[in-house]
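K.L.:
here is a sequence together with a model predicted from it:
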Amino acid sequence: MDPLRRSPSPCLSSRPSSPSTPPCEMLGPVGIEAVLDQLKIKVMKMGFEFNIMVVGQSGLGKSTMVNTLFKSKVWKSNPPGLGVPTPQTLQLHSVTHVIEEKGVKLKLTVTDTPGFGDQINNDNCWDPILGYINEQYERYLQEEILITRQRHIPDTRVHCCVYFVPPTGHCLRPLDIEFLQRLCRTVNVVPVIARADSLTMEEREAFRRRIQQNLRTHCIDVYPQMCFDEDINDKILNSKLRGNVHIFLADMILHASTSSRNESLLLW
Ligand SMILES: Nc1nc2c(ncn2[C@@H]2O[C@H](COP(=O)(O)OP(=O)(O)OP(=O)(O)O)[C@@H](O)[C@H]2O)c(=O)[nH]1
């Protein structure tokens with residue numbers, strides 16, 4: 001007798017199969033292909049967590065971007081600041097919302113940070129931001145190494161840091177270079193040209209090229225880093241991302257918004 005036939009298979013289970021699971025006759029002897037469906041059901045139930053942080057000098061539109069994002073998607077009532085200038089962010093704070101699209105849940109947390117760079121001495125102005133990022137890694141690690149750890153560890157680690165570059169039209173300033181060099185060692189960084197509507201299309205393109213040149217010269221490895229090119233498919237996808245030009249952040253994530261103020265320009 002074929003030994004495989006004696007292996008327990010999902011067909012023997014009395015559990016009803018889900019609508020997306022193929023009928024028992026279609027499963028192979030072991031039923032390995034059912035694993036994909038089971039994983040999908042599990043992940044759909046749990047949902048995903050995604051944490052973004054916005055970083056940049058004061059007055060570049062970080063809070064406006066965060067407000068626009070939530071206004072368009074998740075805020076039920078209009079935020080009190082509508083129509084009036086956004087107050088200056090004085091401390092780091094996070095807003096979390098659960099967004100659901102076609103049954104897929106996403107717990108999105110956006111962390112707004114106070115602007116930096118307007119002091120006479122800007123030494124170590126990156127410390128509070130890097131401190132926060134490292135604290136979240138530490139918190140997760142401490143939970144993970146417990147012998148009796150939670151089944152689901154709340155993930156507050158920053159997955160993506162959006163860095164606002166001031167629209168000077170020249171190149172990266174020494175402060176941005178110093179900041180980015182430190183950030184890139186710790187977190188995935190996506191640089192954007194802030195208030196890109198203050199530059200013409202030609203100026204934006206020239207600025208973007210100069211910034212990319214600066215990033216290469218100063219070995220600033222922004223997202224997607226080369227280490228993500230694990231196979232040929234990743235390589236193709238990541239080079240597309242690296243080669244992308246003129247994608248408006250507003251268009252990408254704020255498409256439902258009626259506000260056209262936030263015209264930050266994604267570099268990649
Ligand atoms: N032209 C233009 N103005 C913008 C844009 N985004 C925001 N603003 C304006 O820029 C000003 C500052 O915006 P904020 O969102 O408070 O800037 P911030 O970076 O959060 O500032 P801090 O809280 O000091 O860190 C506000 O008057 C906004 O209306 C944009 O894309 N284009």
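P.N.:
Great, that's in hand.

K.L.:
can you give me the strands in the stretch 151-268 of the chain?
P.N.:
Here the stretch 151-268 of the chain has its strands, by DSSP state E, counting those that start in this stretch, at 160-165, 189-193, 247-248, 265-266.

K.L.:
run the angle between the second one and strand 160-165 for me.
P.N.:
What it means is strand 189-193. Here strand 189-193 runs at an angle of 30 degrees relative to strand 160-165 (axes from the mean of the first three to the mean of the last three Cα atoms, to 10 degrees).

K.L.:
packing partners of strand 189-193?
P.N.:
strand 160-165, helix 174-184, helix 201-217, strand 265-266 (3 or more Cβ pairs under 8 Å, 6 or more residues apart in numbering; DSSP states H and E). C-beta here means a position set from N, CA and C on the backbone, and glycine is covered the same way.

K.L.:
and the angle for it with helix 174-184?
P.N.:
Using the same axes, to 10 degrees: strand 189-193 against helix 174-184 is 150 degrees.

K.L.:
ok so, going back, so which of the helices and strands packed on strand 189-193 is nearest residue 154?
P.N.:
strand 160-165 (17.7 Å; Cβ to Cβ).

K.L.:
show me what counts as buried in that closest one.
P.N.:
161-165 (16 or more other Cβ atoms under 10 Å).

K.L.:
end to end, how far does stretch 109-129 reach?
P.N.:
16 Å (Cα to Cα, to the nearest Å).

K.L.:
buried sites along it?
P.N.:
109-117, 125-126, 129.

K.L.:
also near the ligand: which of those, exactly?
P.N.:
Among the buried residues of stretch 109-129, the residues that sit close to the ligand (Cβ under 6 Å from any ligand atom) are 114-115.

K.L.:
pull the most distant pair out of the buried residues of stretch 109-129.
P.N.:
So for these, where distance means Cβ to Cβ, the most widely separated pair is 109 and 117, at 24.8 Å.

K.L.:
just to revisit the earlier point, ok, the buried residues of strand 160-165 vs the ligand, which is closest?
P.N.:
residue 164 (6.6 Å; Cβ to the nearest ligand atom).

K.L.:
assess the claim that the closest one and residue 59 are in contact.
P.N.:
No - in this structure residue 164 lies outside contact range of residue 59 using Cβ atoms under 8 Å: 9.8 Å.

K.L.:
which of the buried residues of stretch 109-129 lies closest to the ligand?
P.N.:
Nearest member of the buried residues of stretch 109-129 to the ligand, counting by Cβ to the nearest ligand atom, is residue 115, at 2.8 Å.

K.L.:
for the closest one, phi and psi?
P.N.:
Main-chain torsions, residue 115, degrees, to the nearest 10: phi -70, psi 160.

K.L.:
what's the answer for the one 10 residues further on, then?
P.N.:
The main-chain torsion angles of residue 125 are listed as degrees, to the nearest 10 and equal phi -70, psi -10.

K.L.:
find the residue closest to it in space, skipping its chain neighbours.
P.N.:
residue 116 (4.0 Å; Cβ to Cβ, 6 or more residues apart in numbering).

K.L.:
any chance of the buried residues of strand 160-165 in TSV, with pLDDT and distance to residue 174 too?
P.N.:
Output for the buried residues of strand 160-165, formatted as TSV (pLDDT from 0 to 100; distance: Cβ to Cβ, whole Å):
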residue	pLDDT	distance to residue 174
161	92	20
162	91	21
163	92	15
164	92	16
165	92	13
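
K.L.:
reformat those as a markdown table; add distance to the ligand.
P.N.:
Shown next, in a markdown table, are those (distance: Cβ to the nearest ligand atom, whole Å):
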| residue | distance to the ligand |
| --- | --- |
| 161 | 14 |
| 162 | 11 |
| 163 | 12 |
| 164 | 7 |
| 165 | 12 |
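
K.L.:
closest one to residue 191 out of those, please.
P.N.:
Nearest member of these to residue 191, counting by Cβ to Cβ, is residue 163, at 4.7 Å.
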